[in-house]
Every structure is written in structure tokens, then in C-alpha cells.
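1. Fold the following for me, if possible:
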Amino acid sequence: MGVFAVIIFVFLGSVKGFSTKSEPCTYSKGNLCKPALANAAFTTLAFLLGATTSVLSGFLGMKIATYANARTTLEARKGVGKAFITAFRSGAVMGFLLAANGLLVLYISIILFKTYYGDDWEGLYESITGYGLGGSSMALFGRVGGGIYTKAADVGADLVGKVERNIPEDDPRNPAVIADNVGDNVGDIAGMGSDLFGSYAEASCAALFVASISSIGINHDYTAMSYPLIISSVGIVVCLITTLLATDLSEIRNVSEIEPSLKRQLVVSTILMTVGIAVVSFFALPSEFTLFNFGTEKAVKNWHLFFCVTIGLWAGLVIGYTTEYYTSNAYSPVQDVADSCRTGAATNVIFGLALGYKSVIVPIFAIATAIYVSFSLAAMYGIAVAALGMLSTIATGLAIDAYGPISDNAGGIAEMAGMSHKIRERTDALDAAGNTTAAIGKGFAIGSAALVSLALFGAFVSRAGINSVDVLTPKVFIGLIVGAMLPYWFSAMTMKSVGSAALKMVEEVRRQFNTIPGLMEGTVKPDYANCVKISTDASLREMIPPGALVMLTPLITGTLFGVETLAGVLAGSLVSGVQVAISASNTGGAWDNAKKYIEAGASEHAKSLGPKGSDAHKAAVIGDTIGDPLKDTSGPSLNILIKLMAVESLVFAPFFAAHGGLLFKFL
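-> Residues are numbered from 1 along each chain as shown. Sure thing, here's the model as predicted:
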């Protein structure tokens, strides 16, 4: 990723240096003007800061999770409550680190950049958009690479170990088990951390840029200008209070209390955050100010913004609970998927796909409502702060999300260390709750990505000088239909990458079982290192083509076809990308929990489908392996695709406006 960052750093500086040379400049020298070069320098510096912070977030998350895995296993000897507190606190450390680092670096960047820009707030916050570009570009490779790594190992371990050899999950005789556990940290910890950091950085940059060209920016009202940052700051305090309520003021006594405790935190943090938003909105903002929206002026009151942020916050909760309903084995959708395993893998796959498609309905209505209300009240600025509202409780969301893979790996360590079956049961109970909460985290990430992308789209349209986007214009419509195709192309690339890597993993695991004497008897250790190498090599090699597709599409479209076609591409990718991402994530989550429902055998219905090794269980494992790349590679990566294309287009908007559309100029 360092090599990629250097290439983009040089390219970004070069293009931005030429992007505004047609504009009048006070300090003009020769063909290039100082402000254009300075803007290029500060944008590339912001890119570097965003990329570094994103990588640091993933690194620190993996470091924390690695220590927490073993500690959670040890605490599970004392009881499920102790193990829960250890796993959750570890996830909370990661959540607070990410939220605080993102906010701190962004704030310091603004303060430092202001020493040069002074009262030129539009130039300052345009250069700050590089921060969001850096964060999201690193998140893309972290998400795609991590997803390929973990799912190649997971699919290989499950298909050979569970289905063919009928040995338990995380059995130390399975050669792919170490790569599988490492992959949980790479994909679910580092990838998710970088993903949510990218959403936060882009939402902040979009809100700050739109505000800079409002009456707030013109009047140099620094407190009101900092409204997006203050919202995020209040969110950290609210999440701290929520975490203390979960770990210090209540105690988990049995397994049935785990999932309700995690979901209760979402509700508590949302209620407390609503109060915090009200305080900030009425004290930090002027009673009324003006937004300049697509060449028109819009008067906005402070209570308008309160409703914008609040509706984004509550829309996130609706998306989270809808995701939970469709992916938790406590409800009928997943139980129906599990029941379909009676007749084999084919019906399991059919039911799972149908569930995923149906699960899109409520989240899309929630996002549509949030967009309509926030845009009606405060135009594109309203949508940007609505996205920040959805992300304001990011620390709690990440704590709940990171808790899942930490619990999963704790179970793996218990199995590999030969600890008692009771400990494994406790860690499995933690992991089952974690699977549902991980799906909720993905729902938040996708929902916020839709709002962030739309806000960035509005900022791009304003910066590119487009008064309106007319879909009946051929230039725009061809962009719209191509943009709608991109998520499918991207998903095809990532799914095939997982499939190719998993194929090599399956062949290697089979080879070791067939050629190493004593491996099944447990008298000889397998070659774990070779399986780790297969996952590592595959992730590093296979993440390049999807990354190139996302990064090059806006550059090629804007340069050859112009800003109108690029606007169509962004709109098309946003509309189809959100639908595909929600469907893929929920389908995979449902298949995973249907398998766990059968394995747990907690109800009479589940017992009738089991036990492990039965035909129904084998069909559920096949469904789970199909869903693995959907929920952990393609689905979560799509929200980065729509965000990254939008922020990249915004950063290069001046260049596209001045020099784009080369192909149409020659025709």
C-alpha cells in the first residue's frame, strides 16, 4: 500500500498543479500560478495524512485484537460474563482510537493549513478533501486485500475440514486453521476499521467543504464552521458513557443476555447522541445562515440542522435493526434458511439469495427518507451532516463490530490449545452474537456510505460548475448506465479472486491430509506456513485489479468524457452499489448464522436439522462458504467503491472542468 500511496501522491500533485492555471491568481508567475501549486501541495499532504491515519487505524486494531484473542480465551475459564467484558473492552479501545485519531489529525491539519490560507476558507477546505481520498484509498485495499485473505483461508478450511473430513472448526489438524484466524484480524478488524475511518473522513470533508462556501464561511464564523467536528467530538463522549454502562454498570450472567446487551448499546448511544446534537446545534450555530446551493441561495436555521443530523442518526439505527432481523438466527428469516437445508444446498442457496434481496427494502426506504428530509431542510450540507449523524456513534459501532472477530479467534485458540469443551461453548456463544453485530456494523457502513457519496456528489457538481444533471442528455445517460454496471464488475473481480485463492487453498489442504502420515491422528503437525503464504500472496496480488478499476474510472471518464458523464457514472454507481452491497452482506450473514443455528441445536427445530455432520449441516456449510466472500469481501468493499469514486472526482473536479471531455472535443 506504501507503493500505491507514493504513486498517487506524485500523480495527485502533478494533476492538481495544472488544474486551476486558467483561474486568475494574485501571485501569478509564468504559466503556473502559486495558489494552484500551493493547493496541489496541500491536497497531496492531506492525502498523505489521511492514508497514514487509515493504515495506522488498521495496524492498531490488529495489534489490540491479537492481544485480546488470548485474553478472552483465558477469561472464558471464569465465565461468559468475564470473557464478554474482555472482548468488548478490547473492541472499544479500537473504536475510540480510530474515532479520536481521525478527528485529531483532521483538526490539526485544518489548523496548520489555515496558517497559509488565512481567510481563503474555500481553498483550505478544498485541499482538505485530500484527507478523505487518502483514508478511503487505503481502506479499499485493506478491505479487498483483507477480504480475499480471510475468505480464501475460511472457505478452504471449511470445505475440506468440515465437509470432507468431518473435523471440528479450528481443529489444529487442519492446515488452513492459522491462516483462517489471521484472516479474521486482517479482514474484519483492519479492513472494517479502515472502512469506517474512510466514511468518517469523507463525511467530514464533504460537510466542511460545503459549509466553506456558505455564509458561515464568508463571515469567518469558526465555531459554526467546526460544527461537523463538534458533532464527532460529542459522539466520542456519548460512546464513552455508553461503553461504561455496558461494562461497569451491568453484568452478563448467562449466554442469553449477550446479544440484547450489545443491541441495547446502539439504542442508548442513539438516545444520548440525540440530546448531544440538540445542545451543539443550538449553541454552536447561528440562528440562521445562508447556503449557496447549485447557484441558488437557501436560508437555513439551526433547528434544521438538528433534524438533519438526527434523522441520519436514527436512520442508522433502523438500518442496524433491520440488518439484525435478517441475519440473526433468533428470527424467522434465518430459521427459514436453516430449514431449507433439509433438501440440500441448492434450496439453501435459493432461500438465502431471496432473503438478501428482500432485506434491501427497509434500509433503502430509511436512506431515502433521510435524504429527502435533510436535503429539503439544508440541501447538500444537510445530507453531509446526516451522514455524520449516522457515523457519530462510530466508536460504539466499531466496539460492537470488533468484538465479533475477537470472540471468534478466542474460540479458535481454545480449540487449538485443547481446552475444555465448556470454554469452547462460551466462546461460541460470544461469537454467535458477534456475527449478528458484525452484520449490523456492515449495515451502518453501507448506509453511511450512501449519504456520504451523495454529499460528495453534490460537492463535486458544485465544484465542477454544473448547474444541473439531466439524465435525458446522452452524455449523462451513458455515464449513468456504465456507473450502474461498475459494482457488478467490481464484485465479479473480488468474488473470482476469492474463488481462485480458495481453490489453491483447498488443493493444499487436501494434499497435506492425503500425503502427511499421522496428520488425521494428530501425531504430526500440518504445514500451517504454506497455507498462510497462499492467502498472503493471493491477497497482495488480487487486490490490485479491483483497486485499479475504482481509482482509474473517474480519471478516465472525467478526462475523456467530461464532468457531465462523470456525474452520471457517480450517480449510477451509487444507486446500484448500495443495493448490491446490502443484499450481498445480508445474504452472507444469513447463511453463516443458519449454519450456526444448526450447530448450536438450541431449539427442537434446530436439533431436528442437526447434529454436526448431518446432510442438512453439510448443506448449511456449503451455503456459508458461498456467502463468505459476499459478506466479507464484495459487499463491504462496494461501499468504499462508491465513496472513493465520489471523493476522487471532487479532488480532481477543477482539472476535469478545465481540461476534461477530450474525446467529445475531437468528435
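2. got the contact list for the most centrally placed residue in the chain?
-> Centroid-nearest residue in the chain, with CA atoms, centre = their mean: Asp195, separated by 3.7 Å. Contact analysis of Asp195 by CB atoms under 8 Å, 6 or more residues apart in numbering lists 139, 142-143, 445, 636, 639-640. All C-beta atoms are positioned from the backbone trio N, CA, C, and that covers glycine.
3. Over to Ser287?
-> By CB under 8 Å, 6+ apart, the neighbours of Ser287 are 301-302.
4. circling back to that earlier point, and the gap between the residue nearest to the centre of the chain and Gln265?
-> 20 Å (CB to CB, to the nearest Å).
5. which residues in the stretch 501-650 of the chain form helices?
-> Applying DSSP state H, counting those that start in this stretch to the stretch 501-650 of the chain gives helices spanning 528-542, 544-561, 563-600, 604-609, 615-629, 635-651.
6. no no, the stretch 151-300 of the chain
-> Under DSSP H, counting those that start in this stretch, the stretch 151-300 of the chain gives helices at 177-183, 192-212, 215-218, 222-225, 227-247, 258-284.
7. Tell me which of these lies nearest to Met520.
-> helix 177-183 (14.0 Å; CB to CB).
8. In terms of secondary structure, what does the closest one contact?
-> helix 121-157, helix 394-416, helix 528-542 (3 or more CB pairs under 8 Å, 6 or more residues apart in numbering; DSSP states H and E).
9. 6 Å instead?
-> Packed against helix 177-183 by the contact rule (3 or more CB pairs under 6 Å, 6 or more residues apart in numbering; DSSP states H and E) you find helix 121-157, helix 528-542.
10. ranking those helices by mean pLDDT, which is last?
-> Of all these, mean pLDDT reaches its minimum on helix 121-157 (a mean of 84).
11. Which residues in that helix does the neighbour count mark as buried?
-> If you call a residue buried by 16 or more other CB atoms under 10 Å, then helix 121-157 has these buried ones: 121, 123-157.
12. how much does that helix deviate in direction from helix 394-416?
-> If you take axes from the mean of the first three to the mean of the last three CA atoms, to 10 degrees, helix 121-157 sits at 20 degrees to helix 394-416.
13. Including distance to Lys63, could the helices and strands packed on helix 177-183 go into JSON lines?
-> Listed next are the helices and strands packed on helix 177-183 as JSON lines, based on distance: least, CB to CB, whole Å:
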{"stretch": "helix 121-157", "distance to Lys63": "15"}
{"stretch": "helix 528-542", "distance to Lys63": "18"}
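14. Among those helices, which comes closest to Gly660?
-> Per CB to CB, nearest to Gly660 of the helices and strands packed on helix 177-183: helix 121-157, 17.4 Å.
15. Distance from that closest one to the middle of the chain?
-> In terms of CA atoms, centre = their mean, to the nearest Å, the centre of helix 121-157 is set 9 Å apart from its chain centre.
16. show me what contacts Arg426?
-> By CB atoms under 6 Å, 6 or more residues apart in numbering, the residues touching Arg426 are 76, 80, 83.
17. and it, how far is that from Leu266?
-> To Leu266, Arg426 is 23 Å away according to CB to CB.
18. got it, and Leu451?
-> The value you get for Leu451 to Leu266, if CB to CB is used, is 18 Å.
19. So for these two, which sits in the more crowded spot?
-> Ranked by neighbour count (other CB atoms under 10 Å), Leu451 and Leu266 place Leu451 first, with 30 against 22.
20. Can you pull the phi/psi pair for the closest residue to the more buried one other than its chain neighbours?
-> Leaving aside its sequence neighbours, Leu451 sits nearest to Ala387 (CB to CB, 6 or more residues apart in numbering; 3.6 Å). Phi and psi for Ala387, reported as degrees, to the nearest 10, are phi -60, psi -40.
21. now Ala387: how far from Ala402?
-> 22 Å.
22. Those two: which has the busier surroundings?
-> Ala387 (36 against 32).
23. show me what contacts that one?
-> Counting by CB under 6 Å, 6+ apart, Ala387 touches 203, 448, 451-452, 455.
24. Looking at those, which one is closest to Pro629?
-> Taking the contacts of Ala387 together and measuring to Pro629 by CB to CB, the closest member is Ser448, at 22.6 Å.
25. quick one: contacts for Tyr200?
-> 102, 391, 394.
26. pLDDT score for it?
-> For Tyr200, the model assigns a pLDDT of 82.
27. Could you pull out the helices in the stretch 351-500 of the chain for me?
-> 361-391, 394-416, 421-463, 474-515.
28. ranking the ones you listed by burial, who's on top?
-> Highest mean neighbour count among the helices of the stretch 351-500 of the chain (mean count of other CB atoms under 10 Å): helix 394-416, with a mean of 28.
29. relative to helix 192-212, how tilted is that one?
-> Going by the same axes, to 10 degrees, helix 394-416 makes 170 degrees with helix 192-212.
30. so how far is stretch 159-175 from its chain's centroid?
-> 30 Å.
31. which outside residues touch that stretch?
-> 157, 177, 412, 415-416, 506, 509-510, 512, 519, 522, 526, 531, 613, 618, 621, 625.
32. For that stretch, give the mean pLDDT please.
-> Mean pLDDT, stretch 159-175: 83.
33. Check which residues of it are buried.
-> Buried residues in stretch 159-175, counted by 16+ other CB under 10 Å: 159-162, 165, 167, 169-175.
34. Kindly report the same for stretch 255-271.
-> 255, 257-259, 261-263, 265-266, 268-270.
35. of the residues you listed, the lowest pLDDT goes to which?
-> Among those, Val255 has the weakest pLDDT, 75.
36. List the residues that contact that residue.
-> Contacts of Val255 by CB under 6 Å, 6+ apart are 80, 429.
37. And Val337, its phi and psi?
-> Note on Val337: its backbone torsions stand at phi -60, psi -40 [degrees, to the nearest 10].
38. I'd guessed it sits against Phe351; true?
-> Yes. Counting by CB atoms under 6 Å, Val337 touches Phe351, with 4.7 Å between them.
39. Just want to know which of those two has more residues nearby.
-> More crowded of Val337 and Phe351, by other CB under 10 Å: Val337, with 29 against 23.
40. okay, now the closest residue to the more buried one other than its chain neighbours: neighbour count?
-> Setting aside the residues directly before and after it, Val337 is nearest to Ala594 in space (CB to CB, 6+ apart), at 4.3 Å. Neighbours of Ala594 under the rule other CB under 10 Å: 33.
41. Next, count neighbours for the residue nearest to Glu122 when sequence neighbours are not counted.
-> Of all residues not flanking Glu122 in the chain, Ser212 sits nearest, at 5.0 Å (CB to CB, 6+ apart). Look at Ser212: counted by other CB under 10 Å, it has 19 neighbours.
42. hmm, back to that, could you export the helices of the stretch 151-300 of the chain as JSON lines, including distance to Val482?
-> Putting these into JSON lines (distance: least, CB to CB, whole Å) gives the following:
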{"stretch": "helix 177-183", "distance to Val482": "33"}
{"stretch": "helix 192-212", "distance to Val482": "23"}
{"stretch": "helix 215-218", "distance to Val482": "35"}
{"stretch": "helix 222-225", "distance to Val482": "37"}
{"stretch": "helix 227-247", "distance to Val482": "32"}
{"stretch": "helix 258-284", "distance to Val482": "37"}
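43. where does this structure dip in pLDDT?
-> Low-confidence segments of the chain (pLDDT under 70): 15-37, 293-296, 435-436, 666-667.
44. Need the helices of the stretch 351-500 of the chain in a markdown table (columns: distance to Leu305).
-> Putting those into a markdown table (distance: least, CB to CB, whole Å) gives the following:
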| stretch | distance to Leu305 |
| --- | --- |
| helix 361-391 | 6 |
| helix 394-416 | 19 |
| helix 421-463 | 14 |
| helix 474-515 | 30 |
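45. Kindly list the main-chain dihedrals of Tyr331?
-> phi -120, psi 170.
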